[in-house]
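Visitor: Got a sequence here, can you model it:
(chains A, B, C and D)
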Protein chains: 4
Amino acid sequence: MTAVFVFGGSGYSGLELLRVLASHPDVRVAGASSDRFANEPISRVLAGFTQDLRFESHEALLERARDGVALLATPHEVSRDLATTLIERGLRVIDLSGAFRLEDLGSYAEWYGFTHDEVGLVMEAHYGLPELFPWPVAPVRLVANPGCYATAAQLAVGPLVAAGLVEPTVIIDGKSGVTGAGRKLSDDLLFSEVAESMRPYRVARHQHTPEIEQGLARLWSGGRPSTLSLSFTTHLIPIRRGLLVSAYLRARPGVDQAAIDAVYRERYGAAPFVRVLDRPPETSALTGTNFCDVTATLDARTGTVIAFGALDNLMKGAAGQAVQNLNALLGLDETRGLLPAVRPGETK
Amino acid sequence: MTAVFVFGGSGYSGLELLRVLASHPDVRVAGASSDRFANEPISRVLAGFTQDLRFESHEALLERARDGVALLATPHEVSRDLATTLIERGLRVIDLSGAFRLEDLGSYAEWYGFTHDEVGLVMEAHYGLPELFPWPVAPVRLVANPGCYATAAQLAVGPLVAAGLVEPTVIIDGKSGVTGAGRKLSDDLLFSEVAESMRPYRVARHQHTPEIEQGLARLWSGGRPSTLSLSFTTHLIPIRRGLLVSAYLRARPGVDQAAIDAVYRERYGAAPFVRVLDRPPETSALTGTNFCDVTATLDARTGTVIAFGALDNLMKGAAGQAVQNLNALLGLDETRGLLPAVRPGETK
Amino acid sequence: MTAVFVFGGSGYSGLELLRVLASHPDVRVAGASSDRFANEPISRVLAGFTQDLRFESHEALLERARDGVALLATPHEVSRDLATTLIERGLRVIDLSGAFRLEDLGSYAEWYGFTHDEVGLVMEAHYGLPELFPWPVAPVRLVANPGCYATAAQLAVGPLVAAGLVEPTVIIDGKSGVTGAGRKLSDDLLFSEVAESMRPYRVARHQHTPEIEQGLARLWSGGRPSTLSLSFTTHLIPIRRGLLVSAYLRARPGVDQAAIDAVYRERYGAAPFVRVLDRPPETSALTGTNFCDVTATLDARTGTVIAFGALDNLMKGAAGQAVQNLNALLGLDETRGLLPAVRPGETK
Amino acid sequence: MTAVFVFGGSGYSGLELLRVLASHPDVRVAGASSDRFANEPISRVLAGFTQDLRFESHEALLERARDGVALLATPHEVSRDLATTLIERGLRVIDLSGAFRLEDLGSYAEWYGFTHDEVGLVMEAHYGLPELFPWPVAPVRLVANPGCYATAAQLAVGPLVAAGLVEPTVIIDGKSGVTGAGRKLSDDLLFSEVAESMRPYRVARHQHTPEIEQGLARLWSGGRPSTLSLSFTTHLIPIRRGLLVSAYLRARPGVDQAAIDAVYRERYGAAPFVRVLDRPPETSALTGTNFCDVTATLDARTGTVIAFGALDNLMKGAAGQAVQNLNALLGLDETRGLLPAVRPGETK
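Guide: Numbering: from 1, shown residues only, chains lettered A, B, ... in the order given. Have a look, this model is predicted:
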């Protein structure tokens, strides 16, 4: 039983982590921090967490965390600082924030509004999207767990880009449930503002844009240096969990539906958490699971490939994928603790 | 065209007031205050408000409000203080808060947590529920606009109590949409906390309890001094607008369904805004209107009268009823500006 | 591994049964019927059902079901007929419908609109609400799984009635999410009819009324023959899962909050699935779990005991409780397959 | 007072028509048909419809409709047949279905699945999108009221295409509330299937595709024969009312944000129902109004123009626009009966 420490355990991703870890057969939650609920029993916030454990402050947990894996569901800058300290102390770290996802250091200032003083960890971090980027041979100390939109987008579009079926001009329309915005006290996240409405947000400025672009450029095999560009637009939808990306790409000459289907099948035939559908996905079918459903249709009339990726933003888009990465880190089967199907509950 | 001044114009009730007043043929919105949106055009917050007017601060509006009617959609204590000043300046006031609804001064401290220094205005205030309490002959300077639950509860139960059909032990189970809680930045009003859930709140402590009790006791004609008591429990339901009370009363011997129906018909036959249904109400049928739908069923097996009252908490439960009272204050027909049917929009 | 057969596997309760059973360590889903999805892989309807199994018709499954336990998530009359046949063939049966819940045969015609030809099975059926009614010593062949409202109502009110703390005149206001109505194609269950609305339904006619009354009467220890009567009113709330009952009872003289708390603690101290709260329940905290949260408050001002019971109508209100009963039937620990916390997913 | 006859008055668009017409100062609802509610008082279905009128069958209404304007909120094929008969009888017709929207007769079979026997009326029909296509000088007998998606899409994209600011390869991602699908009894429109979910539908096959393409091609002024092509993808969102299109276009060299803003301002400066925003639209701000909110952002990093159009699918997307066309037909100001702001109510 490996000891795991969850920092930021009372946000939506943190609670989901605790929920999943609570039924994981090979790990033991050795501590969880929450500034808001410090000293409260976890079971008070998370019905069904039967272990007798209380939240503590970040500081208290940091003080006593030794020998194990730390999962960080903290804001970007908190994660950046915690990761350095924890790795120095010999823990391995899986970070659910965006603090270590980008290789280009300049992008952090541009898209996230903070900077990294030390470059080493950024370079060292492994970007944990197992279906597209293989686990490295060298030991991993730090995993950058992908963003929710970035996971769905890369899983939907990556195989098409990698196989050279499409032009490198990518348009992605993302739609997310409200837990994707975290548990912020903000007027525009109030029930009466969100319900019975929808709206675009962060137009042309969403911080997952460079992450998706970076991933797709890595996969690109279009026969010439990648000039891959992504225009990415996000929308808030009045559901609690669930995320859908609709991607629009230009098919290369000669590409047909069969070629698209073959590329997906080949890429995901052995992937336990990506399901290739022959129909459009539905986000509620994914709630509480670590699956991502993908499918693509050639709109032959216009030469557009329409690709969809759907997932539960708190599972494959955050906590579930973090546990999948944890399994890889620990040398376990990647599905350990995540199948038949871990499903949602009181963490929204 | 009477000038009206709306204090607290950017909360949910205040916006709804502005929406209704904007299409009222006999009044003119001469000013609206909002601390949050001071200096912003009202049309920016309220799509469809075509008049060229900006929100101003409470102070600025108070300074220049003269000759007309002030409508207060402000917190209880703010209303208490504003009303005194405005009446001194010669305006008439309709207050949508609870500051002047109770006759028993002690109840304010117990249920609302504030006290009145001056008793005069409390005594003078007219409780504006026109279908049950006739407009006074003497001139009115201050109207206490009833609470949302209190309106539905008294309209549903009042006629039964007044006619002596039931015992004076009243149980009311109230259910309200989220705008009823106002536009507060509170974690438990976030979309992800409220959606796909329901919960009781303020159990046995809701501040509309003494208001309903006071009203029903006034109506009581049970043949002996009223010992009417109310147990009132409220629940938060994940809708934006809409309120339903389900009242449970003990039928007196010999009371049958026909007697119940007759009492309602007699009371509300000429009331333009109370509709007596022969089936259970549905809150969405009332959204944006000033109607209250009532009905009562005798559960003959157990001798229980089950009475329902439904309304839109922002209309008949707040702004619509305030305009109905405004009409009375101005000597207009009570439906002026409220029919065929004013309906909701961007104010949630 | 005991073989279980699920009849009616594609309704909301049936899918939930399959979801829970899929991760139960001691049973194996040996077959599932669905007229609607016959021949479709179950995984197509229930994401995350990884077993390679297809739905078949009721007839086909009935034909081959041998040696094991049958769970019936079928309409009342279908259950009535299936149960007889299956028991004749030596299977044990857990029925989630209302077909065997009532002892008084006349009540079926009155409340359900059907009759039983054979009285034997009705008499023999064990009513499976383990926290209130102990499992019999004699072997059980047929379990009547309680209704969703009936479970929450009896768990909330039962201890108070059993301890003689309240008068036997019970008023219950029930509120349910939409999956409680099943997967019926009915205009008034369409999204656009249900969302942003609430409404009472089956006023004074809900079929769980005699079931709750029967259970409470059994528990009654008021010191004289029970004349317990229940007035029960149900409301449709726009959520998918979740059920709440708010019960209103008259406290007997001398009863205080401490007495109420003690009675609950004693009754449920050892019950793994009933949690006694010191605050009002919230249905979303229960989604996907087999817990029922109960609490009661004495409204001392009026002498009313306000008791709440909340659960997930598809879990403790249907499929979860059925698995709890299955565990009892098989001599397993009652929490087997139901903890840490089985949670919801794609079955709504 | 012109007499108007509403065919198909109990679907969502039909009810919304009745709601708006009820408060229109210059017309009188002389009859309304509904096969489902024939003989029921309209006020029973539409709270707030105070006129004493009952629904009748299509046949009965067709029989007696004379001298006035007929509004058809009927299925495509019913509209096709009704229009012919009504025009023969001398009525003028506004059709809310798709029966007369397309000029290319072959498109009806391809996208709608029906054919026109008589070509005349199709050729004669005026496509009623007043902000983009001027009202003809010649008398109009038949107005084809645009589709909901088609209205938002053309209003958002039209000015950019007309001004030659973008390449003619258009990608539109549409998102609609559930009333857009009408009042069909379909399993996948049930509350429990739609709530807490979202899904694409009719991918690359939505019938508004040729309508939008036809409109944009008409407006095209790109300096060479239009080869304009549209890839259009639609998504179902769990709200009752509200529609949003997000359009993605390639900016032509040299185009900047100022040019985009200027084009919108020029086109819509005098249009009472199109509001050009400087921020993303929010659908709830439009509920119950006849406004369409548009805005466009240049994503300079990728050269993509991101244009949004939002409206209430039952108002500017159906009934409101039909009344706007009715006003034009009758020579009235186009805002007559539609401002300050008609807002929604019980028609969902």
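Visitor: Name the residues of stretch A:92-110 that come out as buried.
Guide: For stretch A:92-110, a neighbour-count test (16 or more other CB atoms under 10 Å in any protein chain shown) marks A:92-102, A:107-108 as buried. The C-beta positions use only the backbone N, C-alpha and C, and glycine is treated the same way.
Visitor: Now intersect these with the helices, please.
Guide: residue A:107 (DSSP state H).
Visitor: how about the buried residues of stretch A:92-110, which pair is most distant?
Guide: Greatest spatial distance among those (CB to CB): A:92 and A:107, at 24.9 Å.
Visitor: Which residue comes closest to the one residue in the stretch 101-250 of chain A that gets nearest to chain C once chain neighbours are left out?
Guide: The stretch 101-250 of chain A approaches chain C most closely through residue A:196 (6.0 Å), counting by CB to the nearest CB. Distances taken as CB to CB, 6 or more residues apart in numbering or on different chains place residue D:239 nearest to residue A:196, at 4.9 Å, with adjacent residues excluded.
Visitor: what do you get for residue A:215?
Guide: Per CB to CB, 6+ apart, closest to residue A:215 is residue A:154, 4.5 Å.
Visitor: pLDDT wise, what is the one you found at?
Guide: The per-residue pLDDT reported for residue A:154 equals 98.
Visitor: Checking the residue of the stretch 51-200 of chain A found nearest chain D next. Helix, strand or coil?
Guide: Scanning the stretch 51-200 of chain A for proximity to chain D using CB to the nearest CB identifies residue A:197 as nearest, at 3.4 Å. Following DSSP: H, G, I helix; E, B strand; the rest coil, the label given to residue A:197 is coil.
Visitor: That one contacts residue D:280, correct?
Guide: No. The pair residue A:197 / residue D:280 is not scored as a contact, 11.7 Å apart, by CB atoms under 8 Å.
Visitor: Who has more neighbours out of those two?
Guide: residue A:197 (27 against 21; other CB atoms under 10 Å in any protein chain shown).
Visitor: contacting residues for the more buried one?
Guide: Counting by CB atoms under 8 Å, 6 or more residues apart in numbering or on different chains, residue A:197 makes contact with A:238, D:239, D:242, D:282, D:283, D:284, D:285.
Visitor: any idea which of these is closest to chain B?
Guide: Within the contacts of residue A:197, proximity to chain B (CB to the nearest CB) peaks at residue D:285, which comes in at 4.3 Å.
Visitor: So what's the residue count around that closest one?
Guide: Neighbourhood size, residue D:285 [other CB under 10 Å]: 24.
Visitor: Kindly report the same for residue A:28.
Guide: As a burial measure, residue A:28 scores 13 neighbours (other CB under 10 Å).
Visitor: Okay, and residue A:231 sits in which element?
Guide: strand A:229-236 (DSSP states H and E).
Visitor: on contacts alone, who are the packing partners of that strand?
Guide: On a contact count with 3 or more CB pairs under 8 Å, 6 or more residues apart in numbering or on different chains; DSSP states H and E, strand A:229-236 meets helix A:148-162, strand A:169-176, strand A:199-201, helix A:209-219, strand D:243-250, strand D:304-311.
Visitor: of those, which approaches residue C:317 most closely?
Guide: strand A:169-176 (30.5 Å).
Visitor: where's the closest one relative to the chain centroid, distance-wise?
Guide: 16 Å (CA atoms, centre = their mean, to the nearest Å).
Visitor: same thing with stretch A:193-200?
Guide: 23 Å.
Visitor: and if you look at stretch A:59-76?
Guide: Relative to the mean C-alpha coordinate of its chain, stretch A:59-76 is positioned 19 Å out (CA atoms, centre = their mean).
Visitor: Give me the buried positions along that stretch.
Guide: Buried residues in stretch A:59-76, counted by 16+ other CB under 10 Å: A:61, A:62, A:65, A:68, A:69, A:70, A:71, A:72, A:73, A:74, A:76.
Visitor: With residue A:42 as the reference, measure out to the third one.
Guide: Which is residue A:65. 16 Å (CB to CB, to the nearest Å).
Visitor: Same check on the last one?
Guide: Here the criterion is CB to CB. By it, residue A:76 lies 24 Å from residue A:42.
Visitor: quick revisit: export the helices and strands packed on strand A:229-236 to TSV and tack on mean neighbour count and distance to residue C:35?
Guide: Output for the helices and strands packed on strand A:229-236, formatted as TSV (neighbours: other CB atoms under 10 Å in any protein chain shown; distance: least, CB to CB, whole Å):
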stretch	mean neighbour count	distance to residue C:35
helix A:148-162	27	35
strand A:169-176	25	35
strand A:199-201	21	42
helix A:209-219	23	44
strand D:243-250	26	36
strand D:304-311	27	42
